[in-house]
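# Next comes the sequence, and after it the predicted model I'd like to discuss.
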Amino acid sequence: MKFYFPDSQDQVSPTYDFIHDEHHPLRVRQRDDRYAHEVLTRPAYQGLLVSKAIVDGTAAGVGKYSMPQRQRFYRLGVRRFFRLPEDVVTLGDCGAFTYVNEPEPPYSVSEVIDFYLQGGFDAGISIDHIILGYRRPDGANDNIPDDWKERRLISLHFAEKFLSAVRDDDAPFQPVGAAQGWDPASYADSVRELQAMGYQRIALGGMVPLKTPDILDCLKAIADIRNSDTELHLLGITRVESMNEFAELGVTSFDSTSSFRQSFMDDRDNYHTAQTTYSAIRIPQVDANVTLKKAILSGKVAQADAIAAERESLRLLREFDAGECDLDTALDAVLAYEEILGVKKTYAELYRRTLEIAPWRECSCGLCAKHGIEIAIFRGSERNKRRGFHNLSVLADKMKSLHAALPRPLERTASGRQI
């Protein structure tokens, strides 16, 4: 099963100065900064997903790419732009979540195909429109909102036009049909119609809010009508604990930013290992913390005291990692800074656990050995994204272990006998 990492222009600077918290003055982001596949010692993903909405934006808003970046993307193509290894495949989509509140998708079929062609993608997903709701099969399925029905029909209509245009143009990328639904039956019906059109690879969208049992219900309903050669892709779904079940039900690929984003979005599970998760130690920058800046401006906190406590926390954490300071001394400094910050919810016990285990010392991702405790400090994008890249490497290891545990298909001799 292939894991695709969705692009959102997440890079780290190899010349970043952690001691002074500043970038090199001659740094040029696109030239110098590195993607996850360039800084990790082992591959973290087998595919890269790039959305048209991220690159080009929509009528409702700009994308994540600047004009020079966008021009460079189209000039170089997806592989050269991201400096991808040969074994990493590429998948394009429209970024339906960015226009979820629009009455209809903002792109035409020709615009999307041009994006896939100019980018040089290996595969591209048809235009879809996310359905904002779900009904369990044991619930009331009467009175389905007209908007849900319309969005499913829009997705199927665009899929039909997309596949026809791809075939007419003899486009060099694999067409992937997008299926939307609001319950197992509607998802299965969407897959059935896409198969009838001629799709052999289908992406299931709109499932991000669903609980794992709901996803499994949909996959089981789809399995009843799925052709043996139809491959399924889960858009925005990880659920590592259920991947074996997903695979048995026809899922061959998925994409998600979950493990990456948990490094800086989750309340406590920021640093991942194969067995568990740890909380990163929060040392926010004085000049970047809104609450602290207000307290300083109001006179409640002296700026000099805040800066001194911030620096002392970082210094003692580094000394602890180097074996020059005991755990309690380092933790006390962190908690003293917390007090100045006015933190209402302390993470003291979680921090103690992180420092006691010091999981970065046993990690072979390549980043942890290089940066030490810096990767476990919750502070600014350079540290947080590195921790996110580390989490991607852990996910890759978990997927590899799960794949190894899957039952192998029986091989056959030339005479057809199973062995």
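Yep, it's here. All values reported here derive from a predicted model rather than from experimental measurement.
# the strands in this protein, which residues?
Using DSSP state E, the strands of the chain run over 2-6, 47-51, 89-93, 123-125, 174-179, 201-204, 231-234, 251-255, 271-272, 277-278, 281-282, 377-378.
# Mind putting these into a markdown table with mean neighbour count?
Where you see a C-beta, it was placed from the backbone N, CA and C, and this is true even at glycine. As requested, the strands of the chain are exported to a markdown table (neighbours: other CB atoms under 10 Å):
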| stretch | mean neighbour count |
| --- | --- |
| strand 2-6 | 22 |
| strand 47-51 | 24 |
| strand 89-93 | 25 |
| strand 123-125 | 25 |
| strand 174-179 | 26 |
| strand 201-204 | 24 |
| strand 231-234 | 23 |
| strand 251-255 | 21 |
| strand 271-272 | 26 |
| strand 277-278 | 19 |
| strand 281-282 | 20 |
| strand 377-378 | 20 |
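# Throw the ones you listed into CSV and include distance to residue 18 and mean pLDDT, thanks.
CSV is the format used below for the strands of the chain (distance: least, CB to CB, whole Å; pLDDT from 0 to 100):
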stretch, distance to residue 18, mean pLDDT
strand 2-6, 25, 96
strand 47-51, 28, 98
strand 89-93, 33, 98
strand 123-125, 39, 98
strand 174-179, 41, 98
strand 201-204, 39, 98
strand 231-234, 36, 98
strand 251-255, 31, 96
strand 271-272, 17, 98
strand 277-278, 19, 98
strand 281-282, 14, 97
strand 377-378, 9, 98
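# Distance to residue 74 added to those strands, as CSV?
Formatted as CSV, the strands of the chain follow (distance: least, CB to CB, whole Å):
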stretch, distance to residue 74
strand 2-6, 19
strand 47-51, 12
strand 89-93, 13
strand 123-125, 15
strand 174-179, 21
strand 201-204, 24
strand 231-234, 25
strand 251-255, 22
strand 271-272, 35
strand 277-278, 39
strand 281-282, 40
strand 377-378, 36
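# To residue 354, which of the ones you listed lies closest?
The minimum distance between residue 354 and the strands of the chain falls on strand 277-278, with 4.5 Å, by CB to CB.
# Sheet partners, orientation included, of that closest one?
The pairing partners recorded for strand 277-278 under DSSP bridges are strand 271-272 (antiparallel).
# State the number of residues packed around residue 308.
Each residue near residue 308 was counted by other CB atoms under 10 Å, and the total is 15.
# how far away is residue 344 from residue 338?
Separation of residue 344 from residue 338 (CB to CB, to the nearest Å): 10 Å.
# And residue 225, by the same measure?
Taking CB to CB, one finds residue 225 at 56 Å from residue 338.
# Name the residue in those two with the higher neighbour count.
residue 338 (21 against 12).
# Apart from its chain neighbours, what residue comes closest to that one?
For residue 338, ignoring the flanking residues on the chain, the nearest one in space by CB to CB, 6 or more residues apart in numbering is residue 346 at 6.1 Å.
# go on, residue 371?
Using CB to CB, 6+ apart, the closest residue to residue 371 is residue 386 (6.4 Å).
# so residue 81 touches residue 72, yeah?
Yes. At 6.3 Å, residue 81 counts as touching residue 72 under the criterion of CB atoms under 8 Å.
# Same drill for those two, tell me which one is more crowded.
Ranked by neighbour count (other CB under 10 Å), residue 81 and residue 72 place residue 81 first, with 19 against 14.
# so residue 397 touches residue 274, yeah?
Yes. Applying CB under 8 Å, one finds residue 397 in contact with residue 274, separated by 6.0 Å.
# how many other residues sit next to residue 393?
Residues within reach of residue 393, counting by other CB under 10 Å, total 25.
# mind checking pLDDT for it?
The score at residue 393 is 96. That number is its pLDDT.
# residues in contact with residue 206?
Contacts for residue 206 (CB atoms under 8 Å, 6 or more residues apart in numbering) come out as 130-132, 180-181, 235.
# rerun that using 6 Å as the cut-off
Shown in contact with residue 206 (CB atoms under 6 Å, 6 or more residues apart in numbering): 130-131, 180.
# swap in residue 389?
36, 40.
# And for residue 376?
271, 280, 360.
# Distance of residue 244 relative to residue 398?
11 Å.
# Neighbour count for these two, which is higher?
Applying other CB under 10 Å to residue 244 and residue 398 shows that residue 398 carries more neighbours, namely 19 against 15.
# wait, that one sits on residue 241?
No. Residue 398 is beyond contact range of residue 241, at 9.4 Å (criterion: CB atoms under 6 Å).
# show me the contacts for the nearest residue to residue 29 once chain neighbours are set aside.
Spatially, and ignoring its direct neighbours in sequence, residue 29 is nearest to residue 11 (7.0 Å; CB to CB, 6+ apart). Applying CB under 6 Å, 6+ apart to residue 11 gives the contacts 33-35.
# next one: residue 1
247, 252.
# Any stretches of the stretch 301-419 of the chain with poor pLDDT?
Residue ranges of the stretch 301-419 of the chain with pLDDT under 70: 403-419.
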